[in-house]
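*Asks:* Need the 3D shape of this:
(chains A and B)
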2 protein chains.
Amino acid sequence: MEAHEKTDLVLRTFRCLIADLCHQFGCGHPGSAMGMAAIGVALWKYVMKYSPSNPDFFNRDRFVLSNGHACLFQYAFLHLVGYKQMTWEQLLSYHSVSYTSITPGHPEIEIDGVEVTTGPLGQGVANAVGLAMASKNLGATYNRDGYDVVNNMTWCMIGDACLQEGVGMESFQLAGHWKLNNLCVIYDRNEITCDGSVDICSSDDVNAKMRAVGWNVLEVADGNHDVDSIVKALVQARASKDKPTFINIRTVIGVGSQVAGDAKAHGADLGEKDVAHVKQTYGMDPEKTFVVSDEVYDYFREAVHRGQQLEKDWSQLVSNYSREHPELAAEFDKRVKGEFLDDWTKLIPKLDDLPTEDTPSRKSAGTALQPIAEKCRNVLVGTADLTPSVNMAWKGKVDFQNPDLRTACGINGDYSGRYIHWGIREHAMASASNGMAAFNKGTFLPVTSSFFMFYIYAAPGVRMGALQNLQVIHIATHDSIGTGEDGPTHQPIELAALYRAMPNFHYIRPADSEEAAGAVIAAINATETPSMISVSRQKVPQYPQHSSRAGVQKGAYVFLEEKDADVTLIGVGAEMRFAVEAREALVAKGLKARIVSFPCQRIFEAQSREYKRSVLGTAPRVVIEAYSPNGWERYADAGYSMHSFGQSLTGNVVYERFNYNGEKIAVKVKELVEDVRRDGVGSLRGEFRDMNDYERDVQFAAYHKKH
Amino acid sequence: MEAHEKTDLVLRTFRCLIADLCHQFGCGHPGSAMGMAAIGVALWKYVMKYSPSNPDFFNRDRFVLSNGHACLFQYAFLHLVGYKQMTWEQLLSYHSVSYTSITPGHPEIEIDGVEVTTGPLGQGVANAVGLAMASKNLGATYNRDGYDVVNNMTWCMIGDACLQEGVGMESFQLAGHWKLNNLCVIYDRNEITCDGSVDICSSDDVNAKMRAVGWNVLEVADGNHDVDSIVKALVQARASKDKPTFINIRTVIGVGSQVAGDAKAHGADLGEKDVAHVKQTYGMDPEKTFVVSDEVYDYFREAVHRGQQLEKDWSQLVSNYSREHPELAAEFDKRVKGEFLDDWTKLIPKLDDLPTEDTPSRKSAGTALQPIAEKCRNVLVGTADLTPSVNMAWKGKVDFQNPDLRTACGINGDYSGRYIHWGIREHAMASASNGMAAFNKGTFLPVTSSFFMFYIYAAPGVRMGALQNLQVIHIATHDSIGTGEDGPTHQPIELAALYRAMPNFHYIRPADSEEAAGAVIAAINATETPSMISVSRQKVPQYPQHSSRAGVQKGAYVFLEEKDADVTLIGVGAEMRFAVEAREALVAKGLKARIVSFPCQRIFEAQSREYKRSVLGTAPRVVIEAYSPNGWERYADAGYSMHSFGQSLTGNVVYERFNYNGEKIAVKVKELVEDVRRDGVGSLRGEFRDMNDYERDVQFAAYHKKH
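*Replies:* Okay, here's the model as predicted:
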């Protein structure tokens, strides 16, 4: 066979295979995978650098399928090019009932050859930006003349949705700004979405839009068959000197089927008749299913050897590099292994070095984390345009920037820089940070920072980090109502409930500097779990006699013990001071209170039942926090909490406004204790008491009517 | 004084006033408000149609300050042009400790002259798109030759952030697609963000980008002083025939101060010295504070009268219109009053008309809501590209589209259309829907729809609706793990915790068609509260003997009573079937279970303590739901819940995978009951039991390792 005949056979085989895979269990997403076949051939046969026998080859090109519903596209190519894990049986388990299938409905990071879990649209674009940043940063840090030890490309497939989702546009803008020439986005322009043709909701001049945000734009007119043109464009993308590349490729969804070019081809089995039609179209036997001939396997057979050669060449390069640049190479080796460069534990401030005067916990978190960020090149710190607020910029930081950039404010940088200005793009910040963390486990520890409230914008990305076991540390300042004047739009009453409920996620609210140090330790140690350190804008008291970094590692601990206590007060984060004040006010009322500090529910959950009981005690328990109480009912019998949105007032006044003061709390606690004395502690079961009911109705009415 | 001298005096006065307002309490955002002064003069003095003596004048232009931190800009102009509520004393209460101040840190909808609450960046752009859509839709529906009863403009001020936030770009794209020529975005291009000059994180060609997404672009070179050019551009925007207009106006942040053009001018008091400097710059007396001369008030004095004349003219127009088009005018009058056009209660299907066979609750919700959407022109239904999944499109629906659009799939529309294709833009969908709801209370009831999981993208917008008491109904399908094959990226384990914790929000999970009807009733009746109706992709059993639409109005109710029950099972939404199955399995074990259906926690919370106790009963309570348990601990002693992310498997199999079946649940419930018999019901206090602990570790390990 001639080369083009072979390619043609592969395309025909591939498209029939996809149709069969969706037909076997009567569901799945056939259309895009069929439409993109030629793109896949161009990538896996001709352009991408990867090694099927070692999916983790460090300098491999990264491939991200941002239109994750087209996962069969990726699974089928992984199988064809020889990824051992992706056996024929596995491929056939797509949408089966097998618990151990590795062909889920969207690609998942656990699968060899899959770099990141995708599916929620737009995420993959941001991940790809993060992967490309990681590569740029490593290259700028470790490459030397003649030794490009890191120079891989990142390829990202998208459909129309990724051009519509906001996080996609945020990411495109950033990649253009940073001139990430090692990033190529391949746009599967089939012009179809679930609702019909894309022109029912988009009239953009896509190429002009991408050029306007700093991308190189290439076009391929016939993406269904013209593998040569696709290869040419991809090669051009790799050669781009100063811009990321956007390849706009016209394809037809479900090409070869009776619903080609129609939304019906998107998310459903084509059905028996149409599957037969597809096979007739492509000159295959409609009676036969799942036919992949030896010629097709042969077509890709060189992939394994080529990959092994790539690895060998790279190892040789690194070996020579080690001789010429031994110190750098030693450090690089640690990065490859995902090890921290320095003993970060020594950089954490000791209790004696901590402030004793009232200090904002955002400052405390900065004090604990900055020295690590400064010393350890693993750590990349970014902010969604809140450098002055988040306290994460260390002295002498270098910004991650294209080295040719000259800004009006005179702060420039280069690609080895490790401080990232994400702009006001919280969502892309979180999602691209996942990409950096996924580059190679441990090679990067990304840190993000913003106001806690605006992690509601970032939530889809934060979630994807938790789902993928990617370690990212989120520094969330201005938590609680204490943030003050910015008002209810900035006071995150309900958001903690989301992050506390999120599996594999640590939401940590330290009460003072000692606990902030503990929170940083916990977050760095949680290598399979993203963490959020939630800190205050306002100054909070310090409790060197009570607070404990070790306690933070257990999620909650006894902060202040009291024998025969009448009540246990649970203090949380910036509201610890009200627990302490309430305890004092209770003394005057003849009641004894012990205090538990409770920075992280999920970490506490992992402790033994014995430990948990010892901390919680048997006295009535009251949690004091200026958030919705949801979730605290697990530990507390009553909550001094928020039930409305907040209000714009200075920090301490807004606390007063919502009745946060020791005396008012003590009055309510006393009522509870008296009720329990009368009715027994068992009476508290299943009747969580909302204690902060002062003027509740008045409050609502006053605030929600015009004055 | 010459006209330009007067204008000059106003600008100088305004800028000094802003500096004083931020200086009095040593905090606030002076820079942008100072920079934008000339834009404000152009708007409130020359271009905008509004009536200070009637802030709710129906056909007024809408103004949205998307860069909400510049709120003083708006407050000061509202004061100057004569909004009675915005007294001098109120203006001076900015950042004060007054509980009744109406000058919060970001504009709030409760304030006369403020259309929507802004602050979270990008939201205002989406709100403005919604406001412009509302106006277009009303105009297309009610205007007749010679009778433009609705033809107002929407003006939206933005800073650089709104061009960076994804929701901003989503909204720009939609406005361009719909050719909303009644929308003008005014870009305060001061090129400064918190972190420095905007070029540290953005290199876009902004004008090219806006043109690429279908906008008219105008520029003003000197936005600090050149009021004439700004007026000219604004007038041009109002005259635009077929596109929204983007006016790119160069300003200088903190103009006139020593930190002019610097990030330092953004979010802090300028300080005594610089405030004096500002006054010197502007020829004012540095010794005097808060000086607004009579000339300045005079400059704006005509605003009140002009507004009253506008109202009078409009009333006359509507009165003539009523004579010529009496039926239409009667309907229009209802819309102006915010009344429903038809008796929607009659359109809700009766119990006898509901299916008895297993039915997906998404279908049930559609059955209940579609007839209302079809009949009542108040209702606008949109979807984030999931028409085939959400079941909200009625037969004969007309799409909201620019009437000249001709799509490839042949589905066109016009501005009177009430079905909205938002594209894959969940965030803009939610936020723009808030804008529609805010146009005039009750005139529109927007409905959004998507997969529940992707309301995590929309969460910032959904929250803003709750904060503003804006009624929007969100139809969230594919809830729980039962959504199946799409896998963990689409299975919303933790998201309900957010929506249940959100103040002034109803998250409702109906168990069957009867409850779905109840959910629709509850959502329509909640005129001050947005609701989310959370429904299943998969078929669920129907319980005509047990389920109750009236029960839904109480948040929870006794679904199946049982005398001397050993346990109360709380069934929720699509997981009700497991409660019913577990109850049957318990019978075989000699145990009696009653069942409570619990569609909405927040509605239940509003019931009397007596009612709550009667529903919850005294037996041990177990909630059964395939979500994180957070929040249920308030009502239940134990939960059969999720503790990890889900898995890609067909719906019923994924339930099996995570041990959701009646028998397995019954085994655990029996253990609980026996423990209680031994230890007493009081032993359940504060020890919420996670019952779904089958192979818990195995599960995690198996799934999170590569196979």
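*Asks:* Chain B contacts on the stretch 251-400 of chain A?
*Replies:* Residues of the stretch 251-400 of chain A lying near chain B by C-beta under 8 Å from any C-beta of the partner chain: A:262-263, A:267, A:383, A:385-389, A:399. Heads up, the C-betas are built off the backbone N, CA and C, glycines and all.
*Asks:* Of those, which pair is most distant in space?
*Replies:* Of all pairs drawn from those, the greatest distance, 52.4 Å, lies between A:262 and A:388 (C-beta to C-beta).
*Asks:* Quick check: longest helix in chain A by residues?
*Replies:* What stands out as the longest helix in chain A, according to DSSP state H, is helix A:294-324.
*Asks:* For the next helix or strand after that one, buried residues please.
*Replies:* If you walk from helix A:294-324 toward the C-terminus, the next helix or strand you reach (DSSP states H and E) is helix A:326-337. The neighbour-count check on helix A:326-337 (16 or more other C-beta atoms under 10 Å in any protein chain shown) flags A:328-329, A:331-332, A:334-336 as buried.
*Asks:* Likewise for stretch A:353-366?
*Replies:* Here stretch A:353-366 shows A:354, A:359-366 as buried, counting by 16+ other C-beta under 10 Å.
*Asks:* what do you get for stretch A:523-537?
*Replies:* Those would be A:523-524, A:526, A:529-537, for stretch A:523-537 by 16+ other C-beta under 10 Å.
*Asks:* same thing with stretch A:607-616?
*Replies:* Neighbour-count burial for stretch A:607-616 flags A:607, A:612, A:615-616 (criterion: 16+ other C-beta under 10 Å).
*Asks:* can these go into JSON lines with extra columns for pLDDT and secondary structure?
*Replies:* JSON lines is the format used below for the buried residues of stretch A:607-616 (pLDDT from 0 to 100; DSSP: H, G, I helix; E, B strand; the rest coil):
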{"residue": "A:607", "pLDDT": "97", "secondary structure": "coil"}
{"residue": "A:612", "pLDDT": "97", "secondary structure": "helix"}
{"residue": "A:615", "pLDDT": "98", "secondary structure": "helix"}
{"residue": "A:616", "pLDDT": "97", "secondary structure": "helix"}
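*Asks:* Contacts only, for the one residue in chain A that gets nearest to chain B.
*Replies:* Nearest residue of chain A to chain B: residue A:166, at 2.0 Å (C-beta to the nearest C-beta). Counting by C-beta atoms under 8 Å, 6 or more residues apart in numbering or on different chains, residue A:166 makes contact with A:122, A:427, B:122, B:165-170, B:425, B:427-428, B:457.
*Asks:* domain parsing for chain A?
*Replies:* Here the domain parsing of chain A from automatic domain parsing is A:3-308, A:344-540, A:554-704.
*Asks:* So which residue is smack in the middle of chain A?
*Replies:* residue A:465 (3.4 Å; C-alpha atoms, centre = their mean).
*Asks:* quick one, what contacts the nearest residue to it once chain neighbours are set aside?
*Replies:* In space, residue A:465 comes closest to residue A:530 once its chain neighbours are excluded; the distance is 4.2 Å by C-beta to C-beta, 6 or more residues apart in numbering or on different chains. Shown in contact with residue A:530 (C-beta under 8 Å, 6+ apart): A:462, A:465-466, A:470-474, A:504-506.
*Asks:* Is it possible to get the contacts of residue A:166 out as TSV so that each row also shows distance to residue A:61?
*Replies:* What follows is those, written out as TSV (distance: C-beta to C-beta, whole Å):
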residue	distance to residue A:61
A:122	22
A:427	26
B:122	34
B:165	31
B:166	27
B:167	32
B:168	33
B:169	28
B:170	30
B:425	31
B:427	31
B:428	34
B:457	29
